[in-house]
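Enquirer: Predicted model and sequence below, questions to follow.
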Amino acid sequence: MLSVGIDVASQDARTAICSIRWGGNQARIEPLGPRGAGDGEIRRCVESGDRVGVDIPLGWPSAFVESVSSHHRGEKWTAEVDAAGMASLRLRETDRWVTSQARRPGEPEARCHPMSVSTNLIAIPAMRMARVLGPVDRSGAGKVIEVYPAAALFVWGLPYRRYKGALPDRRETRHALVDQLRARAPWLVATRDEDWGRIRENDHELDALIAALVAHAKARGLCNEDYDETSANARSEGWIALPLPDALDHLAP
């Protein structure tokens, strides 16, 4: 089985793809390709993978779409103006669900808050993937699933914040994250040793690796399924695959 993770950016140069081949007693990271990925490479990897995790929202909040559409037609704004109404414009049902469901070992008060695809710059790469993927099942039941690497790291008890970028403290956190991940998953190996070096130094490739792991967790039934994947919101807004806290420990081939 081949699981694919794609860390999506608006620019090809910052887009990363990681594929993991599962078989025998190992999960082998396929050789990383050239840095960056264009639309054609994304489509090729989606076609070749058995399960594909994309690190980007697959849809927008229904209330946001409805209100903007009504406004565009010259009609009244449909969302309420209270706090709940504003939240419905900013956050999808799955975003709120992740915040309510995800728990971090040893930190009972900690919460994970997905970014808003309607009010944050992630809307730009989300538009890119909507164009590249075309119509897909967004509910989590199909081949392509939406993942949020920070949420996976959060529930797995691994560093999940301040690991992105080139600043010394960010690099130190990222290196510690990769070291802890490898210690937790000794069955995860790389075809080339230098690829681990690239993953340590590039947060995009690291997120793509986490996305590929979550994609396989979804295929193995190791994600939180406490939602109705047939709901209108899951099918239209998209749904984040949230791995179980012990999923990483049970992914061993």
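Expert: That came in fine, so what should we check first? Residues are numbered from 1 along each chain as shown.

Enquirer: Only C-alpha atoms from now on, for both contacts and neighbour counts.
Expert: Will do.

Enquirer: in the stretch 1-150 of the chain, which spans are strands?
Expert: If DSSP state E, counting those that start in this stretch is used as the criterion, the strands of the stretch 1-150 of the chain fall at 2-7, 16-23, 26-29, 51-54, 144-146.

Enquirer: Would you mark the buried spots in the fourth one?
Expert: Within strand 51-54, the residues that qualify as buried are Arg51, Val52, Gly53, Val54, counting by 16 or more other C-alpha atoms under 10 Å.

Enquirer: all helices for the stretch 1-150 of the chain, in order.
Expert: Taking DSSP state H, counting those that start in this stretch as the criterion, the stretch 1-150 of the chain carries its helices at 39-48, 62-72, 83-90, 93-101, 123-133, 149-155.

Enquirer: which strands and helices sit next to the third one?
Expert: It stands for helix 83-90. helix 62-72 (3 or more C-alpha pairs under 8 Å, 6 or more residues apart in numbering; DSSP states H and E).

Enquirer: quick one on the thing from earlier: export the helices of the stretch 1-150 of the chain to a markdown table and tack on mean pLDDT and distance to Gly197?
Expert: Below are the helices of the stretch 1-150 of the chain laid out as a markdown table (pLDDT from 0 to 100; distance: least, C-alpha to C-alpha, whole Å):
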| stretch | mean pLDDT | distance to Gly197 |
| --- | --- | --- |
| helix 39-48 | 97 | 22 |
| helix 62-72 | 96 | 41 |
| helix 83-90 | 93 | 37 |
| helix 93-101 | 96 | 31 |
| helix 123-133 | 97 | 26 |
| helix 149-155 | 98 | 19 |
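
Enquirer: Pick the most deeply packed of those helices.
Expert: helix 149-155 (a mean of 23; mean count of other C-alpha atoms under 10 Å).

Enquirer: okay, and the helix or strand of this protein with the least pLDDT?
Expert: In the chain, no helix or strand scores lower on mean pLDDT, DSSP states H and E than helix 232-237, which sits at a mean of 91.

Enquirer: Could you tell me which residues within that helix count as buried?
Expert: Applying 16+ other C-alpha under 10 Å to helix 232-237 flags Asn233, Ala234, Arg235, Ser236, Glu237 as buried.

Enquirer: of all the buried residues of strand 51-54, which two lie farthest apart?
Expert: Put simply, by C-alpha to C-alpha the two of these set farthest apart are Arg51 and Val54, 10.0 Å from each other.

Enquirer: Contacts only, for Trp196.
Expert: The contact partners of Trp196, by C-alpha atoms under 8 Å, 6 or more residues apart in numbering, come to Ala190.

Enquirer: burial measure for the nearest residue to Gly140 once chain neighbours are set aside, as a count.
Expert: Using C-alpha to C-alpha, 6 or more residues apart in numbering and skipping residues adjacent in sequence, the residue nearest Gly140 is Trp239, 6.0 Å away. Around Trp239 there are 28 other residues, counting by other C-alpha atoms under 10 Å.

Enquirer: Can you tell me how far Trp239 is from Pro253?
Expert: Distance, Trp239 to Pro253, by C-alpha to C-alpha, to the nearest Å: 26 Å.

Enquirer: same check, this time on Glu66
Expert: For Glu66, the distance to Pro253 - C-alpha to C-alpha - is 45 Å.

Enquirer: can you list the buried residues of strand 51-54 in CSV and add distance to Pro245?
Expert: Output for the buried residues of strand 51-54, formatted as CSV (distance: C-alpha to C-alpha, whole Å):
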residue, distance to Pro245
Arg51, 20
Val52, 20
Gly53, 18
Val54, 20
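
Enquirer: Wait, Leu242 touches Glu146, no?
Expert: No: the pair Leu242 / Glu146 is not scored as a contact, 9.3 Å apart, by C-alpha atoms under 8 Å.

Enquirer: ok so, going back, can I get the least confident helix or strand of the chain as CSV, trimmed to CA atoms?
Expert: Below are the C-alpha coordinates for helix 232-237, written out as CSV (Å, rounded to 0.1, in the frame of the first residue of the first chain):
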residue,chain,number,x,y,z
ALA,A,232,-24.1,17.8,4.4
ASN,A,233,-21.3,19.7,6.2
ALA,A,234,-18.8,16.9,5.9
ARG,A,235,-19.6,16.5,2.2
SER,A,236,-19.5,20.2,1.3
GLU,A,237,-17.1,21.8,3.8
